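**Student:** got a sequence here, can you build the structure:
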Amino acid sequence: MKRNRLGKSAIVVSDICMGTMTFGSQADEKTAFRIMDMAYDAGVDFYDTAEMYPVPPDLKHVGATEEIVGRWMKTKDRDALIIASKVAGPSHVWIEAPLRGGKTGLDRHHIVRAFEGSLRRLETEYIDLYQTHWPDWAFPQEELMLALDELVSSGKVRILGCSNESTWGLTKSLWASEVQGVARYDTIQNNFSLNNRRFEDELAQACREEQVSLIPYSPLGGGVLSGKYNDGAFPAGARFTLYKDAPPRQQAMFRRFVNERTLEATRRYQDIAADINMSVVTLAIAWSKQHDFVASTIIGATTTEQVPDLLAAAEVTLDAETLDRINAVSRDIPYPMG
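**Tutor:** Residues are numbered from 1 along each chain as shown. Next up, the predicted model:
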């Protein structure tokens, strides 16, 4: 398994990261343990979670994912693991976090409460990478970075990252850290896939110049790139099967991920994968991790049967002809997720 550095930090991770957001809802604890064991045995040392997981967010099981990950960590050498978690951030975007009465800002009060809760559920003394899950652009970034710096200064957090961030938000935060002489963001965790290449427009260059590593999530376009939603199918228990009849925010996400353009692009990628005797799942993960600004691509699974095709990407480097064919699809169907 290839390994890459996170930003300017001393932390080096496997170029595949195990995501955990379905553990405790779509995947029970026994299944979650088996999935994480499979990843660990394949050389994955990087595991990503969040205080608001599992998804879809629900007050009755919020925090369950960190508890499951924490119990699994007891079966491994803690020093051999790189654990990432997140403070939810404001509930005014795609997903409303069912935490602290929906009041989940990014001031010192909420950051400290969130972090202490994550430590308790993970049953660990420190978190390697601590991230803001959703940004709050109206809140002074100087105050945000000062609050996060306290966690690093305490020794309980090694490095910082952001998620779902814009080019302006990332660069503003980096500026706030630089002028105040405090810890900076070494990573950004954004949506990036064959069906959503917007990161390449601006953020990729900002990451290159500022030495910030992308940790892409949803490299399968929310599972759409697996082909499971083709021809109007909605498998029982699948994320967008649940979201299509959910509250308005989840329905909007459903329409963004599952639409005529994303499904047509997926069909074309399946043809490319078939021509090189590869699962389209493996193709999508391999494509993601082949970018120079990507440190580690987050995979996710709800069953053990899904894991082998995901992990197979660790051994794949796509050739120039295949990349050209992929780019041709992107030119024909630009921005299928809008």
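**Student:** every contact and neighbour count from this point should use C-alpha atoms.
**Tutor:** OK.
**Student:** against Asp107, how distant is Lys156?
**Tutor:** With distances taken as CA to CA, to the nearest Å, Lys156 is found 18 Å from Asp107.
**Student:** same question but for Ala246, I mixed them up
**Tutor:** Remark: distance between Ala246 and Asp107 (CA to CA) = 30 Å.
**Student:** could you check how far the host helix or strand of Thr65 is from the centre of its chain?
**Tutor:** Using DSSP states H and E, Thr65 maps to helix 64-73. In this view, helix 64-73 has its centroid 17 Å away from the chain centroid, taken as CA atoms, centre = their mean, to the nearest Å.
**Student:** circling back to that earlier point, please identify which of Ala246 and Asp107 sits among more neighbours.
**Tutor:** Asp107 (19 against 14; other CA atoms under 10 Å).
**Student:** surely the more buried one touches Leu144?
**Tutor:** Yes - using CA atoms under 8 Å, Asp107 is in contact with Leu144, at 6.1 Å.
**Student:** and Tyr47, which of the three is it?
**Tutor:** With DSSP: H, G, I helix; E, B strand; the rest coil as the basis, Tyr47 sits in strand.
**Student:** show me the contacts for it.
**Tutor:** Contacts for Tyr47 (CA atoms under 8 Å, 6 or more residues apart in numbering) come out as 17-20, 81-84.
**Student:** over to Ile82?
**Tutor:** Counted by CA under 8 Å, 6+ apart, Ile82 has contacts 13, 45-47, 127-129.
**Student:** residues contacting the residue nearest to it when sequence neighbours are not counted?
**Tutor:** Leaving out its chain neighbours, the residue that sits closest to Ile82 by CA to CA, 6 or more residues apart in numbering is Phe46, at 4.7 Å. Residues near Phe46 by CA under 8 Å, 6+ apart: 13-14, 16-18, 81-84.
**Student:** phi, psi for the residue positioned nearest the centre of the chain please.
**Tutor:** Central residue of the chain (CA atoms, centre = their mean): Tyr217, 3.2 Å from the mean position. Main-chain dihedrals, Tyr217, degrees, to the nearest 10: phi -110, psi 160.
**Student:** so what pairs up with it in the strands?
**Tutor:** Asn191 (DSSP bridges).
**Student:** what sits against it?
**Tutor:** By CA under 8 Å, 6+ apart, the residues touching Tyr217 are 189-192, 297-299.
**Student:** now with 10 Å, please.
**Tutor:** 17, 19, 48, 163-164, 189-193, 288, 296-300 (CA atoms under 10 Å, 6 or more residues apart in numbering).
**Student:** and it, what pLDDT?
**Tutor:** pLDDT recorded at Tyr217 is 98.
**Student:** against Leu129, how distant is it?
**Tutor:** 15 Å.
**Student:** and if you look at Lys172?
**Tutor:** 20 Å.
**Student:** now the closest residue to Thr266 other than its chain neighbours, what's its secondary structure?
**Tutor:** Once flanking residues are discounted, Thr266 sits nearest to Leu225: 5.3 Å by CA to CA, 6+ apart. What three-state DSSP gives for Leu225 is helix.
**Student:** try Phe234
**Tutor:** Under three-state DSSP, the three-state class of Phe234 is coil.
**Student:** OK, contacts around it?
**Tutor:** Residues counted as contacts of Phe234 (CA under 10 Å, 6+ apart) are 228, 240-242, 244.
**Student:** same deal with Asp245?
**Tutor:** Here Asp245 is in contact with 251, 254 (criterion: CA under 10 Å, 6+ apart).
**Student:** one more time with 8 Å, if that's ok
**Tutor:** Gln251.
**Student:** now it: phi and psi?
**Tutor:** Asp245 adopts backbone torsions of phi -120, psi 20, taken as degrees, to the nearest 10.
**Student:** and for Gln290?
**Tutor:** Gln290 has phi and psi values of phi -90, psi 0 when expressed as degrees, to the nearest 10.
**Student:** confirm Glu209 sits in a helix?
**Tutor:** Yes - assignment of Glu209 by three-state DSSP places it within a helix.
**Student:** how many neighbours does Gln141 have?
**Tutor:** For Gln141, the neighbour count with other CA under 10 Å is 22.
**Student:** tell me the secondary structure of the residue lying closest to Asn230 once chain neighbours are set aside, please.
**Tutor:** Closest residue to Asn230 apart from its sequence neighbours, by CA to CA, 6+ apart: Leu263 at 6.3 Å. Assigned by three-state DSSP, the conformation of Leu263 is helix.
**Student:** tell me how many other residues crowd Leu263.
**Tutor:** Neighbour count of Leu263, defined by other CA under 10 Å: 22.
**Student:** quick one: it and Ser226, what's the gap?
**Tutor:** To Ser226, Leu263 is 10 Å away according to CA to CA.
**Student:** which residues are common contacts for those two?
**Tutor:** With CA under 8 Å, 6+ apart as the test, Leu263 and Ser226 reach no residue in common.
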